[in-house]
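Student: Task: produce atomic coordinates for the following.
(one chain, ligands or ions: 2)
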Amino acid sequence: AENNHAVLLVGTPLDGDIVTAMRLPGGVHPKLDDALSDNVETIPFDALRSDHLGDADYIIVGVSSPGIVWVTDVLNRLMTVARPVAFVTKGLVSAGSTVSTYAQTLPSRIPMMSAFIGIGGPCIARELANRLPTASIYACEDISIAEQFAATMATDYYRLSITTDVTGVEACAALKNFFAIGVSAMQTGYPDQKRADGQSKNPTAAAFTQASLEMARLCERLGGDSATAFGLAGLGDLHVTVGGGRNSRLGHGLGTGRSVLDVLSSDLFGETVEGVDTARALETMVPEKSSSEGEAPHYFPLASAILDAVIRQKLFSLDFSRLVVR
Ligand SMILES: NC(=O)C1=CN([C@@H]2O[C@H](COP(=O)(O)OP(=O)(O)OC[C@H]3O[C@@H](n4cnc5c(N)ncnc54)[C@H](OP(=O)(O)O)[C@@H]3O)[C@@H](O)[C@H]2O)C=CC1
Ligand SMILES: O=C(CO)COP(=O)(O)O
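Tutor: Ligands and ions are numbered 1, 2, ... in the order given. Modelled structure (predicted):
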């Protein structure tokens, strides 16, 4: 919209009230604190037609991961002209013991999608809507498509990197949600009353570094480039999510000794906490006990501690005395 493109914003059937509020004169999105530009038209889902999609240069999907099957059906029903589709959705798909990224599963499921573009990187929606400096990464197998899309979207305050490592970007986008839970649990697990935020810093820094190493290993196992984990899609997004995301709020609760069910049913009631879905997908990839402590590629002490808390419903505990650091 900032670059004078016409933007059509379509709510899901679950967003009826938000769309109605946004269509009123002066209406704003309840979580963005700012009016959208005049060249953004917001419509309810039942007003979306095939020609809207056919007329678009790009289609951008922003449902949360539980809605990805639904959006696949919608695109297959309404797309009659081949178009590139970009996804901000962060998640993994598991089938039996196979875990995949959307970059691996969606292209064959959406025949009219001419290119899959993965969007990753540290980007809290409200901050970008308020035009704060933001850097993100766009991934596509065809680098010229990533380049064109980035040129369409970039502004002075929204700077973009491009890559062909679409599997790596998609893997890290999902993995950082999961690891943000564990790093954030270490933020509140060791309170320091002398600090304004009440949090010690050393435990968080150790966990953040461990998260980056484990994220790189899992990224590679999922078919991505491990180096992607150390860039915007991995470390950058992990930092922003630990700083203020919903996954981080779950971690903060776990760090104070509360159970996952307690935190999800109170502080985070009705919120999207995708690290939990990613934890379910990762269960088969991360051994319950690291067989060779300290040895890559099988050493996942932080991921195991998160899985114990989120899936096996134990209280969060990272046995720091046994951590082998690199
Ligand atoms: N918020 C942010 O700053 C960022 C978010 N992302 C990613 O973008 C995606 C969306 O995030 P965000 O907008 O914050 O999430 P929200 O939960 O606020 O919104 C997701 C939307 O998808 C809908 N939805 C959920 N399940 C289904 C379903 N089964 N069928 C149809 N619609 C469904 C939700 O409905 P309902 O509200 O009723 O659940 C809601 O309208 C996520 O994957 C997130 O990781 C990426 C970067 C930044
Ligand atoms: O993905 C995000 C920022 O890049 C938002 O993180 P949360 O889903 O934890 O709020």
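
Student: OK, contacts around the residue of the stretch 151-300 of the chain found nearest ligand 2?
Tutor: Using CB to the nearest ligand atom, the single residue of the stretch 151-300 of the chain nearest to ligand 2 is residue 245, 2.4 Å away. All C-beta atoms are positioned from the backbone trio N, CA, C, and that covers glycine. Going by CB atoms under 8 Å, 6 or more residues apart in numbering, residue 245 touches 124, 177, 180.

Student: now the first one: how far from residue 34?
Tutor: Looking back up the chat, that one is residue 124. Distance, residue 124 to residue 34, by CB to CB, to the nearest Å: 13 Å.

Student: Comparing those two, which residue is more hemmed in?
Tutor: Neighbour totals were compared for residue 124 and residue 34, and residue 124 leads with 15 against 11 (other CB atoms under 10 Å).

Student: looking at it, the more buried one is touching residue 246, isn't it?
Tutor: No: with contact defined as CB atoms under 8 Å, residue 124 does not count as touching residue 246 (10.5 Å).

Student: What residues does the stretch 201-326 of the chain have near ligand 2?
Tutor: Taking CB under 6 Å from any ligand atom as the contact definition, the stretch 201-326 of the chain meets ligand 2 at 237, 240-241, 245-247, 274.

Student: The same query, at a cut-off of 8 Å, please.
Tutor: Applying CB under 8 Å from any ligand atom, we find that the stretch 201-326 of the chain lies next to ligand 2 at 237, 240-241, 244-249, 272-275.

Student: Just send those residues back as a markdown table, with pLDDT, secondary structure and distance to ligand 1 too.
Tutor: Converted to a markdown table, those look like this (pLDDT from 0 to 100; DSSP: H, G, I helix; E, B strand; the rest coil; distance: CB to the nearest ligand atom, whole Å):
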| residue | pLDDT | secondary structure | distance to ligand 1 |
| --- | --- | --- | --- |
| 237 | 97 | helix | 8 |
| 240 | 96 | helix | 8 |
| 241 | 96 | helix | 9 |
| 244 | 86 | helix | 9 |
| 245 | 87 | coil | 7 |
| 246 | 94 | helix | 8 |
| 247 | 97 | helix | 9 |
| 248 | 97 | helix | 12 |
| 249 | 97 | helix | 13 |
| 272 | 90 | coil | 3 |
| 273 | 95 | coil | 9 |
| 274 | 95 | helix | 5 |
| 275 | 97 | helix | 9 |
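
Student: which among those end up buried?
Tutor: Buried subset of these (neighbour count, 16 or more other CB atoms under 10 Å): 237, 240-241, 245-249, 272-275.

Student: and which of those residues is nearest to residue 113?
Tutor: When these are compared for distance to residue 113 (CB to CB), residue 274 wins out at 22.0 Å.

Student: Contacts for stretch 13-20, please.
Tutor: Contacts for stretch 13-20 (CB under 8 Å, 6+ apart): 11, 29-30, 42-46.

Student: among those residues, which are in strands?
Tutor: With DSSP state E as the criterion, strands contain 42-43 from among those.

Student: Taking the contacts of stretch 13-20, please make a ChimeraX selection of just the buried ones.
Tutor: The ChimeraX selection below is limited to those of the contacts of stretch 13-20 classed as buried (16+ other CB under 10 Å):
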select :11,29,42,43,44
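
Student: Among the contacts of stretch 13-20, which pair sits farthest apart?
Tutor: It's 30 and 46 that sit farthest apart of those, by CB to CB, at 20.9 Å.

Student: for the one residue sitting closest to the centre of the chain, what are its contacts?
Tutor: In the chain, the centroid-proximal residue (CA atoms, centre = their mean) is residue 90; its distance is 3.6 Å. Contact analysis of residue 90 by CB under 8 Å, 6+ apart lists 65, 120, 173-174, 176-177, 274.

Student: List just the nearest of the residues you listed to residue 218.
Tutor: When these are compared against residue 218 (criterion: CB to CB), the nearest one is residue 174, at 9.5 Å.

Student: my guess is residue 252 meets residue 186, correct?
Tutor: No: in terms of CB under 8 Å, residue 252 does not count as a neighbour of residue 186; the distance is 10.1 Å.

Student: mind listing the strands for the stretch 51-200 of the chain?
Tutor: 59-61, 83-87, 92-95, 98-101, 113-120, 134-139, 158-163 (DSSP state E, counting those that start in this stretch).
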